[in-house]
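Enquirer: coordinates only, sequence not included:
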């Protein structure tokens, strides 16, 4: 397994549309292991999409199980995912491994029904809500060449992340 390089905005490859996966084989499963290791190596990442590492295939991994007290399906490998239905809307703050210096307020559906294949090509359907639904919608946007920057509620809803240095308390002068 390997940690892959993450493409960072404004890399033009992040704006490209990904192609469906047609072969469910050992090289695909090995790539998924590398993709997951890359997601877990990042700070607080709960999802990653193949285009973020330069592979233009419709593959995402989402795992929000680290967030306490939310309903989730655990670690999900979603290949050729398709949202079948959306319900409700909520604005929430999002970050992105490919836009590391910013977060932004984005409107997303509160509830989704999703169909996707797993790494063996088996089709599955999921009912998702709130945080998990938001994370999945965010990652699926990458498959269509969209970033959180494209989904901001307004231009005022983009925020520079505080660095560790900026967030640390400054020593008092004597």
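Expert: Right, received. Where do you want to start? Worth saying up front: this structure is predicted, and the values here are computed from it rather than measured.
Enquirer: Can you pull out the low-pLDDT segments for this protein?
Expert: 163-174 (pLDDT under 70).
Enquirer: Identify each buried residue in the longest helix anywhere in the chain, please.
Expert: Counting residues, the longest helix found in the chain (DSSP state H) is helix 26-41. For helix 26-41, the neighbour count (16 or more other C-beta atoms under 10 Å) marks 28, 31, 32, 35, 36, 38, 39 as buried. Every C-beta, even on glycine, is put in place using the N, C-alpha and C of the backbone.
Enquirer: same thing with stretch 56-76?
Expert: 57, 58, 59, 60, 61, 62, 63, 64, 72, 73, 76.
Enquirer: What lies in contact with that stretch?
Expert: 13, 16-21, 31-32, 35-36, 39, 46-51, 77-81, 116, 126, 128-132, 135-136, 139-140, 142-143 (C-beta atoms under 8 Å, 6 or more residues apart in numbering).
Enquirer: Can you turn the buried part of those residues into a ChimeraX selection?
Expert: ChimeraX command restricting those to the buried ones, with burial defined by 16+ other C-beta under 10 Å:
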select :18,21,31,32,35,36,39,46,47,48,49,50,51,77,78,79,80,81,116,126,128,129,130,131,132,135,136,139,140,142,143
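Enquirer: For the chain, just list every one of the strands.
Expert: Assigned by DSSP state E, the strands in the chain fall at 47-49, 59-62, 76-87, 90-96, 99-108, 111-117, 123-129, 158-160.
Enquirer: Quick check: which of those strands is nearest to residue 8?
Expert: Residue 8 lies closest to strand 99-108 among those, at 6.5 Å (C-beta to C-beta).
Enquirer: quick check: angle from that closest one to strand 76-87?
Expert: Calculated by axes from the mean of the first three to the mean of the last three C-alpha atoms, to 10 degrees, strand 99-108 forms an angle of 40 degrees with strand 76-87.
Enquirer: The nearest residue to residue 118 once chain neighbours are set aside: what's it in contact with?
Expert: Spatial nearest neighbour of residue 118, excluding adjacent residues (C-beta to C-beta, 6 or more residues apart in numbering): residue 77 at 5.6 Å. Contacts for residue 77 were tallied using C-beta under 8 Å, 6+ apart; they are 32, 59, 60, 61, 118, 119.
Enquirer: let's see 6 Å
Expert: With contact taken as C-beta atoms under 6 Å, 6 or more residues apart in numbering, residue 77 is in contact with 32, 61, 118, 119.
Enquirer: Please report how far the first one lies from residue 131.
Expert: Read it as residue 32. 23 Å (C-beta to C-beta, to the nearest Å).
Enquirer: ditto for the third one
Expert: For residue 118, the distance to residue 131 equals 22 Å [C-beta to C-beta].
Enquirer: Settle this for me: residue 88 is touching residue 110, isn't it.
Expert: Yes. When contacts are counted by C-beta atoms under 6 Å, residue 88 is listed as touching residue 110 (3.4 Å).
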